[in-house]
Structure formats: structure tokens, C-alpha cells
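Visitor: Please work out how this folds:
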Amino acid sequence: MTGRYALSPIANVYASYSRGRRPAVLSAGAPGAPDGTPTFAVAPAETAQAYEAGIKADLLDRRLRVDASLYSYDYDNFQTREQRGSTFVTTNAGTARAYGFEGQADFAATPDFDLFATYAYNHARFTRGAYEGNHFARSPDHMVSLGASMRWTGLGGKFDLRPTYAWRSKIFFADDNDRPELQAGLLVPDAGQDEFQNGFGLLNVRISYAPDRGNWEVEAFGSNLTDEIYRKGAGSAGKSIGLPTNVLGEPRVYGLRLTIHR
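Guide: Presented below is the predicted three-dimensional model:
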């Protein structure tokens, strides 16, 4: 259910409500003894209610576009993946809530120079059950991005330079937040809470050139220019035998790309 109201020709507000349901899940577990009967567990249906309200506006003769929204999600019977021994099963993590703010702005400073910025605050926590107080997996509290696009002509064609920077705060890689007291069911219990990634930022730059007369374009790019060391994943199935995985993000990368348009 969504409602929208035009405050003026350049601004409008909206609000929405929705309710969703994820069906119950039957998970099979290993038998308690050799040649025994497998064990089964049912995670009841997950339900979620979502509320959102926001505003969109074009300002400064439509050179500045601003979007902002507030939201709240309430979950009951939150379904999560839990490792038991060397297998993963879907379990009921109880109730949870996420609320926050999202905003973005795009500013055309000149016909050839644009700026953009985004910010998001997301407070996503389990509110009751074994994971009470935990963060949602891979859910940072804060995310920020900044960027620009600069265009100019030269050498019989057009150049476009796009630097961007994106930062996010600390995340955990699993809903259990790698808490030792929640790892008792592993073959080799995990005694430390170290499967997370602290806040970090990535700086990327791209510059392209396209001739006025031609069907090709060349682009040079650099990703993670500060050579930030960060993890994209940790834990996974290997932690059940005391060998948790660590998946590192891409290091500094430079490249050149040629595109021919047919």
C-alpha cells in the first residue's frame, strides 16, 4: 500500500506499508548415531512488516536533486542459517527489527561537472531469542559514498573523469556475530569473536575518452587505489573443523578497457 502527495511541481512526499511472508522451512540434520534416523527441524514461517516515508525534491532550477526516506521493518520468526556440526540448517532466530534513514543528493554544478553523495543509517538488530542484541549479517550501521563526474573536450573527442569513494562501518559475516557461546555445536568450538570486518573505504577512479568521429571508446581505471586490505567473507563451513575461511577483497587494480561499438 503506497500513497504519494505532490507538495509542489518540484517536490513530493510518499509513504508505504507492506507485509511479507517467507514460508516455513524443513531442515534435515545428521542422525544421532551411525545408521540412525536423520533428525528434522521446522523453522516456522517468517513474517515482516515494512513502513517507509520519504520526500523527493528538485531544487536550484532542478540542478539539485534530493531524496530522503525513513523506514522501519519488524520481523517475527526471523529465519537464519545456523551451522550444526558440518551442515547448515535454517532455524528460527526470534524477533528482529531494522530501522534507519537513507539520503542522496545529485548536484549539477555546471553543465560539465556533477557531484553526488549518499548516506545510509541502518540499525538492524535481533530483539528477542538466542541472537538478542546481535547485528544482522553483513549489515553496516553506516554507509557513505561520494563522487564526481567531470567532462571536457580535447584531442578531437570527449573525456570523462569519475572519481568515487565509498565507506561502510563494521559488519559481521553471520547472524550469530561469531559469539563463542553460540558456537558450542561445532565439531571444533570457536573460542574467539574475530569473524568481522571493521569499517573501511575504497577509492576508485575511471577516465574515458571517446572520439567525436569514431565507433570506439577507451577507458583507464584504478580500483582500491589506497590498497585497502579487507575481508569479503569469513567463517563458512571450514570453521566446523577449526579452519574458518577468510575471503579477502580485491587489492589495488589498474586496467585499460577498449570498447568498439558496432
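Visitor: all contacts plus neighbour counts: C-alpha atoms, from now on.
Guide: Fine.
Visitor: Leaving out sequence neighbours, find the closest residue to residue 21.
Guide: residue 47 (4.4 Å; C-alpha to C-alpha, 6 or more residues apart in numbering).
Visitor: Please verify my assumption that the one you found contacts residue 92.
Guide: No: with contact defined as C-alpha atoms under 8 Å, residue 47 does not count as touching residue 92 (11.6 Å).
Visitor: neighbour-wise, which of the two wins?
Guide: Relative neighbour count places residue 92 above the other of residue 47 and residue 92, with 22 against 17, counting by other C-alpha atoms under 10 Å.
Visitor: Now for residue 47 and residue 92: what residues contact both?
Guide: Counting by C-alpha atoms under 8 Å, 6 or more residues apart in numbering, the residues touching both residue 47 and residue 92 are 77-78.
Visitor: Tell me what the residue nearest to residue 21 is bridged to.
Guide: Applying DSSP bridges to residue 47 gives these bridge partners: residue 21, residue 76.
Visitor: Low-confidence bits of the stretch 1-150 of the chain, can you list those?
Guide: For the stretch 1-150 of the chain, the stretches with pLDDT under 70 are 28-38, 84-86.
Visitor: hmm, try it at 80
Guide: 27-41, 83-88 (pLDDT under 80).
Visitor: all strands of it, in order?
Guide: Taking DSSP state E, counting those that start in this stretch to define them, one finds strands in the stretch 1-150 of the chain at 2-8, 11-22, 25-29, 39-43, 46-59, 64-76, 79-84, 87-92, 95-110, 113-128, 142-154.
Visitor: distance of residue 212 from residue 42?
Guide: Going from residue 212 to residue 42 by C-alpha to C-alpha, to the nearest Å gives 63 Å.
Visitor: A helix includes residue 225, no?
Guide: No: when classified by DSSP: H, G, I helix; E, B strand; the rest coil, residue 225 is found to be coil rather than part of a helix.
Visitor: And it, what's its pLDDT?
Guide: pLDDT, residue 225: 98.
Visitor: Enumerate every residue touching it.
Guide: 202-204, 252-253.
Visitor: Can you say which of these are buried?
Guide: Those of the contacts of residue 225 that meet the buried threshold are 202-204, 252, by 16 or more other C-alpha atoms under 10 Å.
Visitor: which one of those residues is nearest residue 25?
Guide: Residue 25 has its nearest neighbour among these in residue 202, at 38.0 Å by C-alpha to C-alpha.
Visitor: The closest one: what secondary structure?
Guide: Residue 202 - assigned by three-state DSSP - is strand.
Visitor: can you check residue 239 too?
Guide: Strictly by three-state DSSP, residue 239 counts as helix.
Visitor: just use 59 as the starting number from now, easier for me
Guide: Noted, 59 is the first residue going forward, which turns the last one into residue 297.
Visitor: so residue 265 touches residue 210, yeah?
Guide: No: assessed by C-alpha under 8 Å, residue 265 is found out of contact with residue 210, at 11.2 Å.
Visitor: any shared contact partners between the two?
Guide: Residues within reach of residue 265 and of residue 210 at once, by C-alpha under 8 Å, 6+ apart, are 217-218.
Visitor: More neighbours: these two, which one.
Guide: The neighbour count for residue 265 versus residue 210, taken as other C-alpha under 10 Å, is higher for residue 265 (18 against 12).
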